[in-house]
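Colleague: here's my sequence, what's the structure:
(4 chains)
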2 protein chains.
Amino acid sequence: MPRETKGKNRRTTIKDVAALAGVSASTVSRVLAMDPRISPATAEKVRKAIQEVHYHPNGIARSLVRKASLTIGFSVAQPPDQAFASPFVAESLRGAAAIAQRYGYYLMIFTAPTPAEERHHSLTLFREGRIDGVILTTARVHDTLLGDLQREGVPFAVIGRPAGRQVTYWVNNDNVADARAATAHLLQLGHRRIGLVTGPRQFVVTLDRMRGFRLAMQEAGQSPRLLAIADGSFTEQGGYEATQTLIRRYPDLTALLITDDVMAVGALRALAEAGRRVPADVAVMCFNDSLLASTAHPPLSAVRIPMYELGAKATELLIAVLAGRPPESGHILLPADMVLRASTGEASDTNGATNHATEKE
Amino acid sequence: MPRETKGKNRRTTIKDVAALAGVSASTVSRVLAMDPRISPATAEKVRKAIQEVHYHPNGIARSLVRKASLTIGFSVAQPPDQAFASPFVAESLRGAAAIAQRYGYYLMIFTAPTPAEERHHSLTLFREGRIDGVILTTARVHDTLLGDLQREGVPFAVIGRPAGRQVTYWVNNDNVADARAATAHLLQLGHRRIGLVTGPRQFVVTLDRMRGFRLAMQEAGQSPRLLAIADGSFTEQGGYEATQTLIRRYPDLTALLITDDVMAVGALRALAEAGRRVPADVAVMCFNDSLLASTAHPPLSAVRIPMYELGAKATELLIAVLAGRPPESGHILLPADMVLRASTGEASDTNGATNHATEKE
DNA sequence: TTGAAAGCGTTACCAG
DNA sequence: CTGGTAACGCTTTCAA
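Modeller: Numbers count the residues shown, from 1 in each chain, chains lettered A, B, ... in the order given. A predicted model of the protein is given here:
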């Protein structure tokens, strides 16, 4: 009769442990929580029992009672068939995963092509109790998302600069300053006819970089009305098409600033097809600086955006908030370096994979 | 007194809805589950109440009682500071995310540098009830992981070919055949002194591709003892170093097969430094074919591994298993094409970004 | 220092 | 067709 022919193969629960150790479930729970007022003797007993039955506390039950999932959502604001193809997303996810893991948080990812879907997923996951907060990887210009999340009490941190003033937690590089510095660098090299290829204008990052470009050009005495700018999607093809448009309309450009390295690769293709040599005819400079930039032909000079760090910092920020110790300074600006390679005619070798001769701004 | 000054700002629960609609919680639950035997009238009442209080069922509570989290784990067998940097990981994750989302599953990702950690994370997440099953992205040669998971009853699907015979669910391309075809192609171009640069030998994929290489070389009458092979880590630097070693030891190589495109980019760097022109002195062919391969200099001929599809199919397989309708055929082999570009001297243009003139095997 | 009991928010069985 | 009630596995008062 003391045979244990009860459950078939239920996973072992806290009660099994309690029974085996001859204590109550509460006591087991306390041992697990390292409650100091448990006697060393019983603690030992319980621990042995836990070992014996291979007990693992059910995280779902815990989440239910604690009202916390220990899970962070990571929102990729792109169609699932593009997400992660972008080095920016992949790298910032890498940073987020590293930090989440370090602090004992789980990471749940979801993709959302449209703002509406991103809103829906973030809200639903939170309301269902599946995530405690969310990392957003994109800030759009006219976007009710952030306001909605705030209103609903969803904790979140943004990678990028939110358009409004009201958002508290975000991490970014200073895109206006960085784009301005990059443009200034091209000007300093002697270029005057500089074109800008940007991503979609619905993104704050696009507008910020455009603004930096404009500022530098104005400072150089260029009329803001005459600036050569074209936009495209954040893809190789997008960069290709935007560049084609731009160089057709402005055939005398001698330099191109491109706000994304994937797009820049497409720009190189367009330039090659048009018979323009880089950097002899047209100098090219881009943003991000993934492996793609250093292995392109020619290797691309780039503003090195700390993508990994952006993801990591945003996650740290969110975790601090979730842990109830929100940092006084809600946002962080990370510095971006400039990496000079052959595409602006300045690199010593032609394969810049390790040629990170950087120049602080 | 009919003022609702009850909870402070508790999220609304099924009971709130029940109270408002004047029915029991069970009834609300049934409406949610679209139980056919609920009367249209009450269903309507309940639905209105749900709208009114903005009710969202708590997913954690559901998971607890249903013993299913609707969540799939995605294991990245790499240190968090490398994960997703690999196009293979990024692309297969993309595929997994798309399918998971389509079937209403959530995706939880975790990184694990060592087999021990991968085992620990997979097992713990499952035992805690946080995931219903797991996608593994790497198959190692001597690996108890898969056996352990089976023993513990963790449903899983593998991207890649598991070493043992016992594993049921996996998706792969035929690496032996694909490597053999690639080598055969180089042979057909007239090369005889062909070197192989591979990833770490602990991975099944490495051994399979080595095997294919060997087979083709043997068929061409080469002594298997004299084959030029070097291995390195799956990084640009790994490819660089392995290639350096290889071309020093075998200075007369006229072609290189490299089992990864990130590594191939490093190989190009090593060749350039050694003063070998590609393809004039050394032809280069690689695997995977991400954007990196087509934008390298020169553009790399590659065996195009369907990375996205591998992730997608593995996820479909796992979801089928979780849904209780395990497919009769447990594993799937996807075909891989060959994309010929300038690095083997065959491309018409030098920028192969869209030059996917493929050749079926 | 420990135990009993009351939840956490659902679902599902058993009556009616 | 609908309502009570007992789980699901854990944490956390409240008592002792």
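Colleague: how far does stretch A:280-289 sit from the chain's center?
Modeller: 23 Å (CA atoms, centre = their mean, to the nearest Å).
Colleague: contacts for that stretch, please.
Modeller: A:87-88, A:178-179, A:182, A:185-186, A:189, A:191, A:209, A:247, A:253-264, A:267-268, A:271, A:276, A:278, A:293, A:300-305, A:307, A:339, A:343-345 (CB atoms under 8 Å, 6 or more residues apart in numbering or on different chains). No exception for glycine: its C-beta is placed from N, CA and C like everyone else's.
Colleague: please, a PyMOL command that selects the buried ones among these?
Modeller: Applied in PyMOL, the following selects the buried portion of those according to 16 or more other CB atoms under 10 Å in any protein chain shown:
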select buried, chain A and resi 87+88+178+179+182+185+186+189+191+209+247+253+254+255+256+257+258+259+260+261+262+263+264+267+268+271+276+278+293+300+301+302+303+304+305+307+339+343+344
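Colleague: show only the entries of the contacts of stretch A:280-289 found in strands.
Modeller: Taking DSSP state E, the ones among these that sit in strands are A:255-258, A:301-304, A:339.
Colleague: tell me which two of the residues you listed sit farthest apart.
Modeller: A:255 and A:304 (18.8 Å; CB to CB).
Colleague: which bits of the stretch 1-150 of chain A sit near chain B?
Modeller: The stretch 1-150 of chain A comes close to chain B at residues A:11, A:56-61, A:63-64, A:69, A:71, A:76, A:80-81, A:83-85, A:90-91, A:93-94, A:97-98, A:101, A:106-111, A:124-125, A:127-130, as judged by CB under 8 Å from any CB of the partner chain.
Colleague: among these, which are in strands?
Modeller: Using DSSP E, these in strands are A:71, A:76, A:106-111.
Colleague: with pLDDT, distance to DNA strand C and neighbour count added, can I get the residues you listed in a markdown table?
Modeller: A markdown table is the format used below for those (pLDDT from 0 to 100; distance: CB to the nearest atom of the strand, whole Å; neighbours: other CB atoms under 10 Å in any protein chain shown):
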| residue | pLDDT | distance to DNA strand C | neighbour count |
| --- | --- | --- | --- |
| A:71 | 97 | 16 | 23 |
| A:76 | 91 | 27 | 26 |
| A:106 | 97 | 19 | 25 |
| A:107 | 97 | 23 | 24 |
| A:108 | 97 | 19 | 22 |
| A:109 | 95 | 24 | 26 |
| A:110 | 94 | 21 | 23 |
| A:111 | 90 | 26 | 25 |
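Colleague: skipping its backbone neighbours, what lies nearest the residue of the stretch 251-361 of chain A found nearest chain B in space?
Modeller: Going by CB to the nearest CB, chain B is nearest to residue A:297 of the stretch 251-361 of chain A, at 3.3 Å. Leaving out its chain neighbours, the residue that sits closest to residue A:297 by CB to CB, 6 or more residues apart in numbering or on different chains is residue B:297, at 3.3 Å.
Colleague: and for residue A:222?
Modeller: Residue A:222 sits nearest to residue A:192 (CB to CB, 6+ apart), 7.5 Å away.
Colleague: so how far is DNA strand C from the one you found?
Modeller: 63 Å (CB to the nearest atom of the strand, to the nearest Å).
Colleague: residue contacts, that residue?
Modeller: A:220, A:222, A:254.
Colleague: how would you label the second one: helix, strand or coil?
Modeller: To tie it back to what came earlier, the one meant is residue A:222. Look at residue A:222: counting by DSSP: H, G, I helix; E, B strand; the rest coil, its state is coil.
Colleague: and for it, the neighbour number?
Modeller: Residue A:222: 16 surrounding residues under other CB atoms under 10 Å in any protein chain shown.
Colleague: helix or strand for residue A:205, which one?
Modeller: Element membership for residue A:205 (DSSP states H and E) is helix A:204-219.
Colleague: how about low-confidence regions in chain A?
Modeller: A:1-9, A:79-83, A:347-361 (pLDDT under 70).
Colleague: centre of the chain to stretch A:286-297, how far?
Modeller: On CA atoms, centre = their mean, the centre of stretch A:286-297 falls 18 Å from that of its chain.
Colleague: if you could redo that for stretch A:263-282, that was the one I meant.
Modeller: So, by CA atoms, centre = their mean, the centroid of stretch A:263-282 is 29 Å from its chain's centroid.
Colleague: got the CA coordinates for that stretch in CSV?
Modeller: What follows is stretch A:263-282 as a C-alpha-only set of coordinates in CSV (Å, rounded to 0.1, in the frame of the first residue of the first chain):
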residue,chain,number,x,y,z
MET,A,263,21.1,49.7,-49.3
ALA,A,264,24.6,50.8,-50.0
VAL,A,265,25.4,47.4,-51.6
GLY,A,266,22.5,48.1,-54.0
ALA,A,267,23.8,51.5,-54.6
LEU,A,268,27.2,50.1,-55.6
ARG,A,269,25.4,47.9,-58.1
ALA,A,270,23.6,50.8,-59.6
LEU,A,271,26.8,52.8,-59.9
ALA,A,272,28.6,49.9,-61.5
GLU,A,273,25.8,49.5,-64.0
ALA,A,274,25.9,53.2,-64.8
GLY,A,275,29.6,52.9,-65.4
ARG,A,276,30.6,55.1,-62.5
ARG,A,277,33.7,54.1,-60.7
VAL,A,278,33.9,54.2,-56.9
PRO,A,279,35.6,56.2,-55.5
ALA,A,280,37.2,57.7,-58.6
ASP,A,281,33.9,59.1,-60.1
VAL,A,282,31.7,58.8,-57.0
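Colleague: identify the residues contacting the spatially most central residue of chain A.
Modeller: Nearest to the geometric centre of chain A sits residue A:92, at 3.5 Å (CA atoms, centre = their mean). Each residue near residue A:92 by CB under 8 Å, 6+ apart is listed here: A:137, A:159, A:307-308, A:310-311, A:314.
Colleague: list phi and psi for residue A:23.
Modeller: phi -130, psi -180 (degrees, to the nearest 10).
Colleague: hang on, isn't it packed against residue A:46?
Modeller: Yes - counting by CB atoms under 8 Å, residue A:46 is a contact partner of residue A:23 at 6.3 Å.
Colleague: chain neighbours aside, what residue packs nearest to residue A:179?
Modeller: residue A:212 (2.8 Å).
Colleague: likewise for residue A:284?
Modeller: Closest to residue A:284 by CB to CB, 6+ apart is residue A:343, at 4.3 Å.
Colleague: who's in contact with that neighbour?
Modeller: When contacts are counted by CB under 8 Å, 6+ apart, residue A:343 touches A:268, A:278-279, A:283-286, A:296, A:298-301.
Colleague: so residue A:208 touches residue A:175, yeah?
Modeller: Yes - look at residue A:208 against residue A:175 with CB under 8 Å: they come within range, at 3.6 Å.
Colleague: overlap in contacts of these two?
Modeller: Residues touching both residue A:208 and residue A:175 (CB under 8 Å, 6+ apart): residue A:161.
Colleague: element containing the residue of the stretch 251-361 of chain A closest to chain B, please.
Modeller: Counting by DSSP H and E, residue A:297 is part of no helix or strand.
Colleague: quick one: it from residue A:186, how far?
Modeller: Using CB to CB, to the nearest Å, residue A:297 is found at 20 Å from residue A:186.
Colleague: nice, that's everything, thank you.
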